[in-house]
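**Q** Mind folding the following:
(2 chains)
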Amino acid sequence: MIETLRFWAIVVLLVGGILFTFVSAVGVIRLPDVYSRAHTASQTDTLGAGLALAAVALALGWQGATIHTVLLLFFVFITNPTAAHAIARAAAETGVKPWTADTDEEVGEK
Amino acid sequence: MTAELLDDIFLATAAIFVLLAIAMLYRAVAGPTTQDRVLAVNVLGTNTVVILALLAAGLGQPWFLDIALIYALLNFLMAVAISKFTVERGGVL
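**A** Alright, predicted model coming up:
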């Protein structure tokens, strides 16, 4: 019983991770400028990685490797939005113009 | 039987994550600004960390997680360092 529950919890977490990472990939490829891409990369990709790592931690059970997985999860949750923030701020300071409804092609050529 | 099925599920998920990471290479090549490329490589690195963790669970090799931890650290350092050095007087963080 508890094994079946664990199996389906792992499957649901993995499907959620694939879904959010797919949304992140579509966003990074399709969105118009670097700020919106940093937005999707910082949020959906963090959640997708977090769900997949939670599935790994659940599958490994109570052992030493699980501590590494949970450490990795917290590390990804803290550093991924920080890195996206640093990238977006570097783009702002080098003068990349944000996309508006008036510009109909990809901006950022400087 | 369930354990073997779970291993196969982990390996299939790792394969899908590899495909999504390869899709990121389009933005790393075509991105108009340097920051686009850094962002794409950062997302690709996060995907690589997840792939390493999934392979650790799917292949039963827990020491892959150490490599994943170091990879996540270097990935974060890469993103912050490059975004710091593309700005003139680098206070980005």
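**Q** ok, residue 34 - contacts?
**A** I'll assume chain A. A:87-88, A:91, A:96, A:108, B:31, B:33, B:35-36, B:39 (CB atoms under 8 Å, 6 or more residues apart in numbering or on different chains). No exception for glycine: its C-beta is placed from N, CA and C like everyone else's.
**Q** let's do chain B instead
**A** Applying CB under 8 Å, 6+ apart, the residues near residue B:34 are A:94, B:82, B:86.
**Q** Low-confidence bits of chain A, can you list those?
**A** For chain A, the stretches with pLDDT under 70 are A:103-110.
**Q** Please, which helix or strand holds the spatially most central residue of it?
**A** Note on chain A: the residue nearest the mean C-alpha position is residue A:45, at 1.1 Å, using CA atoms, centre = their mean. Secondary structure assignment for residue A:45, by DSSP states H and E: helix A:34-60.
**Q** so after that helix, what's the next helix or strand?
**A** That would be, after helix A:34-60 and using DSSP H and E, helix A:64-93.
**Q** That following helix - contacts with which helices or strands?
**A** Counting contacts by 3 or more CB pairs under 8 Å, 6 or more residues apart in numbering or on different chains; DSSP states H and E, helix A:64-93 packs against helix A:34-60, helix B:34-59, helix B:64-85.
**Q** mind putting these in CSV, distance to residue B:11 included?
**A** Conversion of the helices and strands packed on helix A:64-93 to CSV gives the following (distance: least, CB to CB, whole Å):
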stretch, distance to residue B:11
helix A:34-60, 12
helix B:34-59, 4
helix B:64-85, 13
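**Q** what about those helices, which gets the closest to residue B:23?
**A** Smallest distance to residue B:23 across these (CB to CB): 9.4 Å, for helix B:34-59.
**Q** Verify the contact between residue A:81 and residue A:42 for me.
**A** Yes: if you go by CB atoms under 8 Å, residue A:81 and residue A:42 touch, sitting 4.4 Å apart.
**Q** What is the neighbour count of residue 86?
**A** All of this refers to chain A. As a burial measure, residue A:86 scores 25 neighbours (other CB atoms under 10 Å in any protein chain shown).
**Q** sorry, should have said chain B
**A** Neighbours of residue B:86 under the rule other CB under 10 Å: 18.
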